[in-house]
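Q: Just to be clear, the model below is a prediction. Sequence and coordinates:
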Amino acid sequence: MSVETGGKTSSFKLKIISLYVVEPSVRAELMEQVPHVAMYCHEEKDEHQWMHLVPSFLLPLVVRYLTDANNQVRKTAQAALLVLLEQELVAHNDVEDQVCPLLLMLTNSDAHDDFRTEAAALMCRMAPLLGGDLSRRVFLERFAALSADGLFHVRKICAANFGEFCAVIGQEVTESILLDKFYALCQDELWGVRKACAEVFMSLSRVVSATKRRNDLGSLFVNLLQDESRWVRMAAFQALGPFISTFSRTEPENESTQSPSATPVESTESVESSMEQSDFNSFYFWRDPLPQLNLMPTSETNVDRQPEENKESVSDSVEKALEDLMARVELGRGGSSEAQPASAPSNELVPEPVHAFDLRRVACQELLGGPVASSKENVGTTSSTPNDLSGDSKPTGDVQPILLSSSITTSLATVMSSSSPAFQPNLLPPAYVKSNSSNELPTTVYSNSFCPYYSPRRRSDGGCMSGGVVLDTSRSRPYSPYGSSSMRSSISLSQSVVPQSLMDYYLQMTDPYYVETVDAEITRHCAYSLPAVVCTLGKEHWPLLRDLYTTLASDMQWKVRRTLASSIHEIGAILGQEVVTQDLLPVFDGFIKDLDEVRIGVLKHLSDFLRLLAEKERRSYLPRLAEFLKLDNEQNWRFRQELAMQLQSVVGLFSPADSAQSILPLALTLASDRVAAVRLPAFTLVSQIMKQVSESSWSKDAESMLTPLLADLTTRFCSGNRWMLRQSYVNICNQLVTDRALPLEEFGKLLLAPLLALKRDRVPNVRLVLARVINFQLKYHEFFSGSDSPYRESLDETLNQLSADEDRDVSYYATQTGSDANHFGSASSDRGKRCVIAK
């Protein structure tokens with residue numbers, strides 16, 4: 001769209017108005033051009049005719065298209081409006097007068113659902129651009145009402161933008177008006193809203209006071225960590241580390257926060273009790289559906305001999321029995337504790353909490369003709385296995401009790417035994433039974449097929465359970481982060497920075513149970529946020545996180561280890577030299593030997609980590625620097641490039657002698673790499689080491705050290721069989737002169753003669769780079785080109801010979817003046833294909 005500056009705006013308006021009735025694609029394109037027209041009007045604001053075009057014409061045009069019937073046109077108009085606000089092309093008072101009334105109208109309860117949803121999203125995105133005063137005056141009341149809207153999409157939009165909106169309106173209004181709305185959203189009946197709340201917890205936590213953060217948001221976040229929806233728990237665990245970081249003690253208001261004794265945080269017991277209040281729902285939407293039963297006969301006495309009509313009615317009978325049994329389960333849930341006797345005799349079978357999936361298994365078994373044993377002797381016989389029995393087995397009370405009759409409870413154990421069933425559904429693995437035959441304690445049946453988060457674990461006595469897996473009853477509740485009492489006591493170290501309930505969950509993020517039931521990437525999120533958590537707790541609480549750090553460092557996923565390797569220097573800077581030496585060095589050693597994908601994380605911050613070590617430990621890593629040259633994939637040249645750049649920072653951490661003896665060989669190896677992107681930083685590295693050696697006073701005779709180094713450089717590169725080595729020699733010499741790494745006398749005596757001898761090299765690329773170095777570098781040094789310089793004659797002779805070179809690119813660079821030094825593309829079209837820049 002073009003705008004003529006000489007005409008009047010009336011003709012321009014008429015052309016725009018003529019586009020109102022055309023097809024939607026034209027209207028959408030028109031909205032895309034509105035910001036450009038507004039920018040032009042802003043630049044031409046000195047001319048009166050364009051001065052009022054934006055508020056009087058363009059903005060009303062955008063407002064009109066915000067209610068267009070076409071969805072694409074509306075979205076384009078929304079984007080145009082946001083650009084106008086971001087670029088400050090429209091005044092806030094014009095937006096308040098023209099746009100805000102429309103948004104308030106579109107968010108009314110009687111508006112169309114699509115318009116309400118889009119208007120709510122646009123209002124949330126406009127608030128940060130309009131500022132706190134206007135947002136509080138116009139949007140606050142409507143945003144609070146929309147947070148409790150009956151439309152799911154509107155509530156989700158409010159939840160997703162809650163933190164950003166609260167940051168605009170400020171702490172006082174947030175705590176007095178909006179926090180209650182946020183509490184309701186966190187308990188919304190739809191998991192999408194609760195998930196959105198979990199994702200904005202950190203941004204909201206930054207707005208509220210430390211007291212609200214600790215007492216209210218902490219316990220609210222725990223509820224999201226225990227949510228019945230896997231997606232909500234996934235989002236909550238991803239936000240757990242960032243949320244913990246908002247408890248940083250560096251905030252001024254946190255310094256006045258009361259201690260945990262004065263402001264009690266939800267304790268372990270209170271967390272457990274709150275978990276028990278919600279029934280364990282075995283049919284979460286994210287679970288895999290029940291596998292189809294493939295009933296295979298196990299003996300000749302099975303249903304193969306039943307009449308054909310009985311076979312056909314099996315599925316109907318199973319469904320009916322399942323309905324009846326689940327109805328009895330619901331009645332059992334409603335039963336109160338007073339319906340049970342206060343104490344049961346030791347010779348009676350006491351009903352146990354049974355997983356709802358196990359009840360379905362039993363129903364299938366009973367209908368398929370499995371014998372039901374009613375005697376307690378059968379229970380003991382079928383459930384007892386060596387080393388499986390412990391006298392301290394107790395019901396955990398983690399799940400709402402399901403009261404069953406004694407016959408059904410007995411069948412739970414009998415039907416699952418390997419010796420009694422006539423039929424075994426081959427898609428359902430045998431249940432694992434834990435009981436004590438000697439004391440005849442209650443039998444608890446666990447179905448491994450429906451509890452995938454239970455995996456065989458190594459017992460406390462060191463033996464590994466196989467076959468019948470003994471499950472840790474202290475971990476039988478799916479959403480509890482707490483293990484045994486000993487684990488709980490070890491976790492609950494004294495710290496008052498973060499609510500202990502949050503720390504307990506964070507410390508359990510590496511548990512395989514959470515990997516299987518929440519998110520396979522949960523450990524990576526834990527590793528990613530670990531530096532922030534360490535910074536929040538401080539050095540004094542590092543023992544609380546030490547075991548977690550060790551577990552993450554040995555995680556099976558290389559992405560987790562790479563994340564940890566990339567932040568090891570940050571954690572070390574927080575903890576200090578002593579902790580780094582004691583706890584982080586072993587981990588660092590392991591990362592050096594790891595995969596290249598993990599080692600690159602260490603390599604990118606190698607100098608930062610080595611700087612944290614004492615001199616003795618730091619020098620011990622000098623011989624190990626060569627290990628970074630050993631790659632799993634030699635094609636990974638970027639790894640070597642990163643090594644060359646990092647060694648430039650590492651050189652300053654060591655003495656000149658150490659650099660010359662240990663780092664210079666690596667630098668020369670990198671300088672001879674076949675990839676030019678690796679060689680270029682290596683040239684600078686060689687120059688740095690030479691400069692460090694020449695300027696140091698570590699030796700009484702620095703020349704005695706430089707002479708063999710420069711001689712080795714000449715032998716290895718200038719006399720090399722590969723033209724790339726000879727070209728690298730020219731580039732290294734150029735870098736030495738540019739950085740003043742060597743005294744010019746030493747350079748002229750040891751390096752100049754071999755350098756000028758390359759004028760007769762058979763490869764044009766070598767001669768080309770030599771011509772560049774002489775013409776653009778050496779001849780401008782008085783030491784080489786002065787009238788009394790002993791090197792002037794040989795320098796001029798070399799330059800004249802290169803000027804007459806048969807290769808036109810070589811002759812071009814040999815004859816260029818200094819003003820043309822940077823014009824590399826003006827000689828010939830094919831010169832760039834062969835030219836390797838000396839810099």
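A: Everything's here; your move.

Q: any low-confidence regions in this structure?
A: 1-21, 45-51, 249-493, 697-704, 818-839 (pLDDT under 70).

Q: per-domain residue ranges of it.
A: Split into domains by automatic domain parsing, the chain comes to 9-235, 313-334+348-386+399-457.

Q: who are the neighbours in contact with the spatially closest residue to residue 761 that is not a sequence neighbour?
A: Distances taken as Cβ to Cβ, 6 or more residues apart in numbering place residue 767 nearest to residue 761, at 5.6 Å, with adjacent residues excluded. No exception for glycine: its C-beta is placed from N, CA and C like everyone else's. By Cβ atoms under 8 Å, 6 or more residues apart in numbering, the residues touching residue 767 are 758-759, 761, 802, 805, 807, 810.

Q: got a winner among those residues for most neighbours?
A: residue 810 (27 neighbours; other Cβ atoms under 10 Å).

Q: That one in helix, strand or coil?
A: helix (DSSP: H, G, I helix; E, B strand; the rest coil).

Q: Tell me the secondary structure of residue 594, please.
A: Strictly by three-state DSSP, residue 594 counts as coil.

Q: Hmm, it is touching residue 561, no?
A: Yes: when contacts are counted by Cβ atoms under 8 Å, residue 594 is listed as touching residue 561 (6.2 Å).

Q: So those two - more neighbours on which side?
A: Set residue 594 next to residue 561 and count neighbours by other Cβ under 10 Å: residue 561 wins out with 27 against 19.

Q: Pop out the phi and psi values for the more buried one.
A: phi -70, psi -40 (degrees, to the nearest 10).

Q: unless I'm mixing things up, it is touching residue 598, no?
A: Yes: the pair residue 561 and residue 598 passes the contact test of Cβ under 8 Å, sitting 4.7 Å apart.

Q: who touches both of those two?
A: Contact criterion Cβ under 8 Å, 6+ apart; residues shared by residue 561 and residue 598: residue 591.

Q: Please determine how far residue 190 is located from residue 140.
A: According to Cβ to Cβ, to the nearest Å, residue 190 and residue 140 sit 24 Å apart.

Q: between the two, who's got more neighbours?
A: Between residue 190 and residue 140, counting by other Cβ under 10 Å, residue 140 is the more crowded of the two (19 against 13).

Q: separation between the more buried one and residue 120?
A: 14 Å.

Q: buried sites along stretch 181-195?
A: 181-182, 185-186, 188, 191-195 (16 or more other Cβ atoms under 10 Å).

Q: and residue 596, how many neighbours?
A: Each residue near residue 596 was counted by other Cβ under 10 Å, and the total is 16.

Q: so what's it closest to, chain neighbours aside?
A: Going by Cβ to Cβ, 6+ apart, residue 596 has residue 632 as its nearest residue, at 4.8 Å.

Q: same deal with residue 551?
A: residue 510 (4.6 Å).

Q: tally of neighbours for the one you found?
A: Neighbours of residue 510 (other Cβ under 10 Å): 21.

Q: Mind telling me what element it is part of?
A: Using DSSP states H and E, residue 510 falls within no helix or strand.

Q: so what's it up against?
A: Residues in contact with residue 510 (Cβ under 8 Å, 6+ apart) are 523, 526, 548, 551-552, 555.

Q: Apply 7 Å and report the result again.
A: Residue 510 sits next to 523, 526, 548, 551-552 when contact means Cβ atoms under 7 Å, 6 or more residues apart in numbering.

Q: For the residues you listed, give me CSV that also has neighbour count, secondary structure and distance to residue 133.
A: Formatted as CSV, these follow (neighbours: other Cβ atoms under 10 Å; DSSP: H, G, I helix; E, B strand; the rest coil; distance: Cβ to Cβ, whole Å):
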residue, neighbour count, secondary structure, distance to residue 133
523, 25, helix, 45
526, 27, helix, 41
548, 20, helix, 45
551, 17, helix, 49
552, 22, helix, 46
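
Q: now, which of the residues you listed sits nearest residue 246?
A: Nearest to residue 246 among the contacts of residue 510 is residue 526, at 16.9 Å by Cβ to Cβ.

Q: Let me know whether that closest one touches residue 509 as I believe.
A: Yes: with contact defined as Cβ atoms under 7 Å, residue 526 reaches residue 509; the gap is 4.0 Å.

Q: quick one, phi/psi of the residue nearest to residue 707 when sequence neighbours are not counted?
A: Among residues not flanking residue 707 along the chain, residue 750 sits closest, at 6.9 Å (Cβ to Cβ, 6+ apart). Main-chain dihedrals, residue 750, degrees, to the nearest 10: phi -110, psi -30.

Q: ok, residue 750 to residue 756 distance?
A: Counting by Cβ to Cβ - residue 750 and residue 756 are separated by 13 Å.

Q: Same question for residue 226.
A: 77 Å.

Q: Understood, closing this out.
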